[in-house]
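Visitor: Pasting the sequence and the predicted model now:
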Amino acid sequence: MQSTKLVGTWGFNHGYRVGGDEARLVFNADGSGIVNPHGDSFAFHWKLKNSSELYLSLKGDHWIGPHNIQVGPKSLPLGTFISLVSDVALLPFGLKQFQLIEAAGA
């Protein structure tokens with residue numbers, strides 16, 4: 001997988017319910033990102049190795065990973081969505097699946 005497939009905004013509840021606050025991840029093309037861009041948020045950095053190994057840096061130069069990820073269509077209660085699924089939690093509070101809300105350039 002190319003790293004450009006990760007660039008965009010991903011939501012935790014997108015595909016399961018309409019509206020409401022949800023945990024969101026924004027992956028930027030320059031390797032930066034933000035968790036929950038609307039309200040309390042924090043920045044992170046990311047890199048992808050071997051096409052499916054995601055590494056995250058939440059503080060300074062301390063990288064965590066690899067998170068083995070897959071990106072592809074998944075059938076959910078509200079339809080079929082492009083999903084980012086990790087083998088372990090991507091965030092400290094245990095979330096490991098997100099749905100694409102808006103791709104870069106959309």
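Guide: The structure has been received and is ready for your questions. Residues are numbered from 1 along each chain as shown.
Visitor: From here on, just use CA atoms for contacts and neighbour counts.
Guide: Will do.
Visitor: which strand of this structure spans the most residues?
Guide: strand 62-76 (DSSP state E).
Visitor: Can you point out the buried residues in that strand?
Guide: Buried residues in strand 62-76, counted by 16 or more other C-alpha atoms under 10 Å: Pro66, His67, Asn68, Ile69, Gln70, Val71.
Visitor: who touches that strand?
Guide: The contact list for strand 62-76, computed with C-alpha atoms under 8 Å, 6 or more residues apart in numbering, reads 5, 15-16, 52-57, 80-88, 90.
Visitor: Kindly give a single PyMOL line that selects the buried subset of the residues you listed.
Guide: Buried residues among the contacts of strand 62-76 (16+ other C-alpha under 10 Å), as a PyMOL selection:
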select buried, resi 15+52+53+54+55+56+57+81+82+83+84+85+86+90
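Visitor: The contacts of strand 62-76 in strands, which ones?
Guide: Counted as lying in strands by DSSP E, out of those, are Glu53, Leu54, Tyr55, Leu56, Ser57, Thr80, Phe81, Ile82, Ser83, Leu84, Val85, Ser86.
Visitor: which residues touch the second one?
Guide: Spelled out, it's Leu54. Residues near Leu54 by C-alpha under 8 Å, 6+ apart: Trp46, Lys47, Leu48, Gly65, Pro66, His67, Asn68, Ile69.
Visitor: Adding pLDDT and distance to Ile101, write the residues you listed out as JSON lines.
Guide: As requested, these are exported to JSON lines (pLDDT from 0 to 100; distance: C-alpha to C-alpha, whole Å):
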{"residue": "Trp46", "pLDDT": "95", "distance to Ile101": "19"}
{"residue": "Lys47", "pLDDT": "95", "distance to Ile101": "20"}
{"residue": "Leu48", "pLDDT": "94", "distance to Ile101": "20"}
{"residue": "Gly65", "pLDDT": "90", "distance to Ile101": "24"}
{"residue": "Pro66", "pLDDT": "93", "distance to Ile101": "24"}
{"residue": "His67", "pLDDT": "92", "distance to Ile101": "21"}
{"residue": "Asn68", "pLDDT": "96", "distance to Ile101": "21"}
{"residue": "Ile69", "pLDDT": "96", "distance to Ile101": "18"}
